[in-house]
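K.L.:
Provide a 3D model corresponding to the input given below.
(2 chains)
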Amino acid sequence: EPEVTQTPSHQVTQMGQEVILRCVPISNHLYFYWYRQILGQKVEFLVSFYNNEISEKSEIFDDQFSVERPDGSNFTLKIRSTKLEDSAMYFCASSTETGGGKNGYTFGSGTRLTVV
Amino acid sequence: KQEVTQIPAALSVPEGENLVLNCSFTDSAIYNLQWFRQDPGKGLTSLLLIQSSQREQTSGRLNASLDKSSGRSTLYIAASQPGDSATYLCAVTNYGGSQGNLIFGKGTKLSVKP
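P.N.:
The predicted structure follows:
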């Protein structure tokens, strides 16, 4: 079964530092997403990406965040100048169609980001 | 604005029991609804996807139903096992501008006792 792969599984960073979270979506998927889940809270949408550009972003996804598809396989989330409140589990997801289509969304196992 | 609510927040049942998890959404103009399982500290595993034109989907001991007009979905788990213990999340996507955006409920934490 194809998987979405995320690295690292856990990242600890100091407040104010920049972090890059990495994802390898499923190879034939065209739509890529980042979500986050603060401990004890709902999973929240951050951004969707299609055809090498952002197609939608939430209010959370401000200038501190950026996404990139640097090559044909990786999809990254960069968080600049991290804050304590950025501590969360970050999930990457991908799909064949917008809205999930017939097959829905496939999520990775997440990166737990801890800002100290 | 679409809101997804899951009831109950937590459920504890003895092994072997059949159970129902509930999900409700405020805007019936959904594109699809997806149920996920989340183990503690882990990722989201897709269980079932119901497209807006469908009424139910089945996979093994799981059956999910969708009633768009009333804004409800249920996840039925038959003959529950301790290995079913996890948090179950319901999520919808809407038609229109936010079609790429999955909106999640907070989940139902299920504990199945041996």
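K.L.:
Surely B:Q81 is in contact with B:P14?
P.N.:
No: assessed by C-beta atoms under 8 Å, B:Q81 is found out of contact with B:P14, at 10.9 Å. Where C-beta positions appear, they are placed from N, C-alpha and C, glycine not excepted.
K.L.:
These two: which is more packed in?
P.N.:
Taking other C-beta atoms under 10 Å in any protein chain shown, B:Q81 and B:P14 do not tie; B:Q81 has more neighbours (12 against 9).
K.L.:
That one and chain A, how far apart?
P.N.:
Noted for B:Q81: a distance of 21 Å to chain A, by C-beta to the nearest C-beta, to the nearest Å.
K.L.:
Contacts only, for that residue.
P.N.:
Going by C-beta atoms under 8 Å, 6 or more residues apart in numbering or on different chains, B:Q81 touches B:E15, B:V112.
K.L.:
Mind listing residues that contact stretch A:47-55?
P.N.:
A:30-34, A:56-58, A:61, A:65, A:67, A:69, A:75, A:77, A:98, B:100-101.
K.L.:
How about it, which residues are buried there?
P.N.:
By neighbour count on 16 or more other C-beta atoms under 10 Å in any protein chain shown, the buried set for stretch A:47-55 is A:V47, A:S48, A:F49, A:Y50, A:S55.
K.L.:
how about the strands in chain A?
P.N.:
A:5-7, A:10-13, A:19-24, A:31-37, A:43-50, A:53-57, A:65-68, A:75-79, A:88-95, A:106-107, A:111-115 (DSSP state E).
K.L.:
Around chain A, pick out the residues from chain B.
P.N.:
Within chain B, the positions adjacent to chain A are B:31-32, B:34, B:36, B:41-46, B:49, B:51, B:89, B:91, B:93, B:95, B:97-107 by C-beta under 8 Å from any C-beta of the partner chain.
K.L.:
could you give the mean pLDDT of the strand or helix carrying B:L47?
P.N.:
Here B:L47, judged by DSSP states H and E, is contained in strand B:44-51. Across strand B:44-51, pLDDT averages out at 94.
K.L.:
Partner strands of it and their direction?
P.N.:
Strand pairing for strand B:44-51, using DSSP bridges, gives strand B:30-38 (antiparallel).
K.L.:
Residues touching the partner strand, excluding its own?
P.N.:
A:99-101, A:104-105, A:107, B:2, B:23, B:25, B:44-52, B:62, B:64, B:66, B:68, B:73, B:75, B:86-95, B:99, B:102, B:107.
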